[in-house]
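Enquirer: Need a 3D model of the sequence below.
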Amino acid sequence: ILAFISCLGTALAIYLYSYAIKHMGPARTSLTVFSSMPIFVFILAYLILGESISIWQVLGGILVVSSLIVGLRHPR
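Expert: Coordinates of the predicted model:
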């Protein structure tokens, strides 16, 4: 069951990444995926693992989200 879930999750992730590259382009897709990854990891660590939240983590998350917004708003 674990192998099936991991293969399905991997296949879905690759499909969604390819779909995003096709519609957004490789630069914007990479910016979106790799910049938003720390935010999702932070949220999941809080929800699943019960990690504590510090003010520095919140400020870092705000910086990451603001840089993502600026990067997606002004294409090169």
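Enquirer: ok, Met37 - contacts?
Expert: Listed by CB atoms under 8 Å, 6 or more residues apart in numbering, Met37 has no contact partners. Any C-beta I mention is one placed from the backbone N, CA and C, and that applies to glycine too.
Enquirer: any idea how far it is from Ile1?
Expert: Distance, Met37 to Ile1, using CB to CB, to the nearest Å: 26 Å.
Enquirer: And for Ser35?
Expert: Taking CB to CB, one finds Ser35 at 33 Å from Ile1.
Enquirer: Please apply the same query to Tyr15.
Expert: Taking CB to CB, one finds Tyr15 at 21 Å from Ile1.
Enquirer: So which of these two has more stuff around it?
Expert: Tyr15 (10 against 5; other CB atoms under 10 Å).
Enquirer: host element of the more buried one?
Expert: helix 2-24 (DSSP states H and E).
Enquirer: Remind me what that helix packs against, helices and strands.
Expert: Under the contact definition 3 or more CB pairs under 8 Å, 6 or more residues apart in numbering; DSSP states H and E, helix 2-24 sits against helix 26-44.
Enquirer: Model confidence score at Ser36, please.
Expert: On the pLDDT scale, Ser36 is placed at 86.
Enquirer: Enumerate every residue touching it.
Expert: 64, 68.
Enquirer: Surely Thr32 touches Tyr17?
Expert: No: under the criterion of CB atoms under 8 Å, Thr32 makes no contact with Tyr17, lying 10.2 Å away.
Enquirer: Determine the number of other residues adjacent to Lys22.
Expert: By other CB under 10 Å, the residues close to Lys22 number 10.
Enquirer: swap that for Leu68, sorry
Expert: 16.
Enquirer: Check what contacts stretch 69-76 and list those residues.
Expert: In contact with stretch 69-76 (CB under 8 Å, 6+ apart) are residues 27-28, 31-32, 35.
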